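> one predicted model, sequence on top.
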Amino acid sequence: MPTAVLYPNSTSNIALIIKHVFNLGLSSHLTVAVTLPRGPVPGPRWLGHPHGVLQIPGDGVPHLGPLPLCRGDVVTCSDEQNADLFNAVLGGLGQFGIITEARIALEPAPAKVKWIRALYSDFTAFTNDQERLISSSRDALDYLEGFVVINRTGLLNNWRSSFNPKDPVQAEQFTSEGRVLFCLELAKYFNLEDVGEIEREVDSLLAKLSFILPTLFMSEVSYVDFLDIVHASEMKLRENNLWDVPHPWLNLLMPRSSIHGFAKEVFHNIVKDTSNGPVLIYPVNKSR
């Protein structure tokens, strides 16, 4: 528990607090923690206005400042001014400075989302496709997520409440129980006048991937409903009195050279007999 919780009302107040803590020396047990407005490694590639009126791109933070540093100095930075500091604070967990103001680039939100899920049994094929997708041009995808599916009975039938199978007959014959599978979840945003174009883009994109064909499921939802998918899961957990139970979370950043050994030992051995909680897998470019 913290010894004290402070509520500074200005940049200068924050700077004074940091200077005082710095002057106490490194031997002091007192620390300063803040909540950053942007996490260091976001999974989904979107952040949205709750009403869907505005969309904030995941990397659209062109200007920060005033910015109190660890010694109490206050500076302004951007990708052109103090660029090294600008990039450090966005992913530095508060170690390089505290963001007190940010100028965000906004753009109109799309109307609809093409939402796609597909399964893989081979981890190498799964990660190869993830890497291919994040290496594509900027506009190729708007959302990318992966997760592990372990010994789930009737998985595709459960998906039917939100998705439609591309091939209903083949999907009906697919079995997921007793298997370790990997799900790729994608989304592409569009407006109503772009329906034909988005269909062609999605078909071209999917043709390059190596998922299990009978497991391809798709849906079209409003942009607002797509932003609310986590809240929908929260409501289901609340109905079962599971939302407020302890749920420890572990984040791991792993080099590409180690992921296959990790998957073999963990996904196929340690967690094979449990289904408690999600196991998410995100590819991240080194440039981020």
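Noted; the coordinates are in hand. Numbering: from 1, shown residues only.
> quickly list the domain ranges of the chain.
11-107, 112-281 (automatic domain parsing).
> how about the helices in the protein?
Using DSSP state H, the helices of the chain run over 11-23, 83-90, 123-134, 155-159, 168-173, 195-206, 223-227, 229-239, 259-262.
> next, format the domains of the chain as JSON lines and append mean pLDDT and mean neighbour count.
Yep, even glycine has a C-beta here, placed from its N, CA and C like the rest. Listed next are those as JSON lines, based on pLDDT from 0 to 100; neighbours: other CB atoms under 10 Å:
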{"stretch": "domain 11-107", "mean pLDDT": "60", "mean neighbour count": "15"}
{"stretch": "domain 112-281", "mean pLDDT": "87", "mean neighbour count": "15"}
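> who touches residue 23 in this structure?
Taking CB atoms under 8 Å, 6 or more residues apart in numbering, we find residue 23 in contact with no residue.
> need the strands for the protein, in chain order.
Ranges of strands in the chain, per DSSP state E, are 46-48, 54-57, 63-68, 74-78, 102-103, 107-108, 112-120, 143-150, 164-165, 180-190, 217-222, 280-281.
> would you list those in CSV and tack on distance to residue 239?
Formatted as CSV, these follow (distance: least, CB to CB, whole Å):
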stretch, distance to residue 239
strand 46-48, 25
strand 54-57, 31
strand 63-68, 41
strand 74-78, 46
strand 102-103, 37
strand 107-108, 35
strand 112-120, 23
strand 143-150, 22
strand 164-165, 25
strand 180-190, 23
strand 217-222, 21
strand 280-281, 23
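> related to what we said a few turns ago, got JSON lines for the helices of the chain, with distance to residue 246 too?
As requested, the helices of the chain are arranged in JSON lines below (distance: least, CB to CB, whole Å):
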{"stretch": "helix 11-23", "distance to residue 246": "31"}
{"stretch": "helix 83-90", "distance to residue 246": "30"}
{"stretch": "helix 123-134", "distance to residue 246": "29"}
{"stretch": "helix 155-159", "distance to residue 246": "25"}
{"stretch": "helix 168-173", "distance to residue 246": "36"}
{"stretch": "helix 195-206", "distance to residue 246": "39"}
{"stretch": "helix 223-227", "distance to residue 246": "27"}
{"stretch": "helix 229-239", "distance to residue 246": "13"}
{"stretch": "helix 259-262", "distance to residue 246": "25"}
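> residue 282 is nearest to which of these?
helix 123-134 (8.1 Å; CB to CB).
> residue 257 is nearest to which of the strands of the chain?
The nearest among the strands of the chain, by CB to CB, is strand 280-281 at 15.7 Å.
> ok, that closest one: who's next to it in the sheet?
As defined by DSSP bridges, the strand partners of strand 280-281 come to strand 143-150 (antiparallel).
> okay, the angle between the strand it pairs with and helix 123-134?
170 degrees (axes from the mean of the first three to the mean of the last three CA atoms, to 10 degrees).
> out of the helices of the chain, nearest to residue 97?
Per CB to CB, nearest to residue 97 of those: helix 83-90, 4.7 Å.
> what's that closest one packed up against?
strand 63-68, strand 74-78 (3 or more CB pairs under 8 Å, 6 or more residues apart in numbering; DSSP states H and E).
> show me what the last one is packed against.
Secondary-structure packing of strand 74-78 (3+ CB pairs under 8 Å, 6+ apart): helix 11-23, strand 63-68, helix 83-90.
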